[in-house]
Each structure stands twice: as structure tokens, then as C-alpha cells.
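Peer 1: Mind looking at a prediction? Sequence and model below.
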Amino acid sequence: GAVVSQHPSRVICKSGTSVKIECRSLDFQATTMFWYRQFPKQSLMLMATSNEGSKATYEQGVEKDKFLINHASLTLSTLTVTSAHPEDSSFYICSAIRSSYNSPLHFGNGTRLTVT
Amino acid sequence: AQKITQTQPGMFVQEKEAVTLDCTYDTSDQSYGLFWYKQPSSGEMIFLIYQGSYDEQNATEGRYSLNFQKARKSANLVISASQLGDSAMYFCAMRFDTGRRALTFGSGTRLQVQP
């Protein structure tokens, strides 16, 4: 069964509004979670690393004021897309990792965001 | 530069045949991990198989095996006895030995299994 739950799976919002996406690890504590973005027919690009109890680490070119990440507990990370614009429309997918170095990332089912 | 390359944008295979999906990488790290994921049209990312750089034997998981050639820096995925449900995008990914545990993904290969 799924070990990472992501909600919502699909959201449509108007330009200028904010959208919050939740990512939960269901059966293990995840001190680190990762947020990826995937444009149509493209690969997954890492946006940021979410660290429990501390600030997220953003990849180069990702606006931290636009993509707010909060990792308040060992099982929950949230990504808020603030003042969304049509170019933010994409597939956002979170992942969590168990403790060991050779552990795979466990992914949520993703959120398809459409900004109109 | 650390990079993952998948040179096959799309592949076709007949049902019940075997298929090899190519993946090459570039790194100067000695310790790294290689992963393959399957992404069906629904979008979820399904972990298939893992190979560590120090593993001497090629990894196998059911119908999936990894043809790991360290000197050539390649980690090709072999799917045996293809099934219609194998039609999906396949991504090769790598964890470099930088202390970060995020994965870097290749561009993907779309596999279509034909009846």
C-alpha cells in the first residue's frame, strides 16, 4: 500500500490565489521530504528539500517566496504556491525517504495544478 | 558534471518479449546509487529496482534486472516477458555521494507494449 499520501490530487485555481499541497508519510517518520515538479512530457525536477523543524533548502532558480514549504512534523510537509500564475501550472509530486542511504524515495501520487 | 542520460525517448516491444532501456551517467563519485522508476499515465512514481555502485552483482527484482556496467557508467533496465501493463514512462535516477539524499532523474523513456 501507499506509504506517502499527497492531497489534493487535482486542483484548479484562479490566477493570484494561493494553493496548499499536503504530503504525509504514512508508516514512517520522515525527517526529510523532497518536492519535485514535472512539466508535461518532461522529467522530474527537484524544487526543494524539506527538513523537519528547519528551513527548506531550495534548488537554484526556485523562488522560495513563491513556493513556501513547511515541515512542521515528522510526517507532514506542505507546499504552498503563493499568488499562482498560469506558468505555475504543473504536476507537483512529493517524496519521502526512510533512514538508510540506499533507500529509494517513496512518492506521493502527485498534484496536478491548473491555474486559470 | 553529474548527469543522467536516457537516449531513447520512446521504445516499442511486443508482448512477452524482453526489452532493454538504456541509462548512462556521469560522475566522479565512487559511491552512488542507481534507481529505476515506472510512471504510468496516472502519474504515480513506482520504484522498481536499485543498484549500489559497490554491488558486484547485478540487481534483480522479479521481471526487472539491471545490467550494471560500472566502467562504461551504464545501468540499463531489462524487462523480461513484457506485459501490456508495462506500458509507461521509465525513469533512471541517481543518488550522488554529496550527502544529499535527493534523486536526480533522467529524461525518461516511454515504453509501449504491443499485443
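Peer 2: Received the coordinates, thanks. Remember, predicted model here, so these are calculated numbers, not experimental data. Numbering: from 1, shown residues only, chains lettered A, B, ... in the order given.
Peer 1: which stretches of chain A form strands?
Peer 2: Remark: strands assigned in chain A by DSSP state E are A:4-7, A:10-13, A:19-25, A:32-38, A:44-51, A:57-58, A:67-73, A:76-81, A:90-97, A:105-107, A:111-115.
Peer 1: could I have the fourth one exported to PDB, CA atoms only?
Peer 2: Once non-C-alpha atoms are left out, strand A:32-38 reads as follows in PDB (Å, rounded to 0.1, in the frame of the first residue of the first chain):
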ATOM      1  CA  THR A  32      13.500  14.800   5.100                       C
ATOM      2  CA  MET A  33      11.000  15.100   2.200                       C
ATOM      3  CA  PHE A  34      11.500  16.300  -1.300                       C
ATOM      4  CA  TRP A  35       9.300  18.300  -3.600                       C
ATOM      5  CA  TYR A  36       9.600  17.800  -7.400                       C
ATOM      6  CA  ARG A  37       7.800  19.500 -10.300                       C
ATOM      7  CA  GLN A  38       7.100  17.800 -13.600                       C
END
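Peer 1: Now do that strand: which elements does it pack against?
Peer 2: Under the contact definition 3 or more Cβ pairs under 8 Å, 6 or more residues apart in numbering or on different chains; DSSP states H and E, strand A:32-38 sits against strand A:19-25, strand A:44-51, strand A:67-73, strand A:76-81, strand A:90-97. All C-beta atoms are positioned from the backbone trio N, CA, C, and that covers glycine.
Peer 1: switch the cut-off to 7 Å
Peer 2: Packed against strand A:32-38 by the contact rule (3 or more Cβ pairs under 7 Å, 6 or more residues apart in numbering or on different chains; DSSP states H and E) you find strand A:44-51, strand A:90-97.
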